[in-house]
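>>> For reference, the sequence and a predicted model appear below.
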Amino acid sequence: MDAMTKQEILLEKKRVITVQGRDKAGRPIVRIVGKNFPARELGGGGHAEAALKGYVRRRVTPAIGDAEFVVVYMHSGVDRRENFPGVGAVRTAYESMPAAVRERLHAVYFLHPGLQSRLFFSTLGRFLFSSGLYRKLRYVSRLEYLWAHVRKGELDVPEAVRRHDDELEQRPLMDYGIEASERCGVFDAASMDTTASLHSLRCAS
């Protein structure tokens, strides 16, 4: 297999996409941490998407093998200024896999989706995502609900994700956009390449 590019090595260093642990049915888990995505460092002009595709082909797909698998996407702390692709990373990673591998995807657990992502998917999701991916999305508002599907202790949860979960527990209205996060600059970036304006919901969780 050919060597990884500098951009792919950066994705590996940041641990954006890793294969780790098992769900309760024994399926391997592909973990995607949106906050870790180094969009600014990867640069524009399609470099980020190319790096994701290459990394999935060289590292993720071989690690999955022939097994049925699940994806856990952690959306907590995605910030347009630093890592705007957000859930677009899920789509790119999914579309980078061979068709035979995509068919073995059982579910995508979308942790901490927030109000804007829910609105985005309910209005545009069916058009921007393939039906195969769209119908496998499962919203998970809290870590405690993720443990109903994933073996607790096998999945590495970054501290920033745990802190966000604690904040949501203390301020539940953030789930509905009624109460903003204390980090007003951090908002719910829904997709890598949507042209919809997001500024009006900048402070929504």
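Cool, got the structure. Numbering: from 1, shown residues only.
>>> Ala67 reaches Pro28, doesn't it?
Yes: using C-beta atoms under 8 Å, Ala67 is in contact with Pro28, at 5.6 Å. C-betas here are computed from N, CA, C, even on glycine.
>>> Which residue of these two possesses the greater neighbour count?
When Ala67 and Pro28 are compared for neighbours, Pro28 comes out ahead with 16 against 13, by other C-beta atoms under 10 Å.
>>> Where does the prediction get shaky in this structure?
1, 44-45, 80-90, 124-128, 131, 172-205 (pLDDT under 70).
>>> how about the helices in it?
Ranges of helices in the chain, per DSSP state H, are 6-14, 39-42, 47-55, 61-64, 80-83, 88-96, 99-102, 114-120, 126-128, 131-134, 143-146, 159-170.
>>> List the buried residues of the third one.
So that's helix 47-55. Ala48, Glu49, Ala50, Ala51, Leu52, Lys53, Gly54, Tyr55 (16 or more other C-beta atoms under 10 Å).
>>> okay, the angle between that helix and helix 6-14?
With axes from the mean of the first three to the mean of the last three C-alpha atoms, to 10 degrees defining the directions, helix 47-55 sits at 80 degrees from helix 6-14.
>>> which residues touch helix 47-55?
By C-beta atoms under 8 Å, 6 or more residues apart in numbering, the residues outside helix 47-55 that reach it are 4-5, 7-8, 10-12, 16-17, 37, 39, 42, 85, 89, 92-93, 96, 192.
>>> List the beta-bridge partners for Ile17.
Ile32 (DSSP bridges).
>>> Contact partners for it?
Counted by C-beta under 8 Å, 6+ apart, Ile17 has contacts Leu11, Val30, Arg31, Ile32, Leu52, Tyr55, Val56, Arg59, Val60, Ala89, Ala93.
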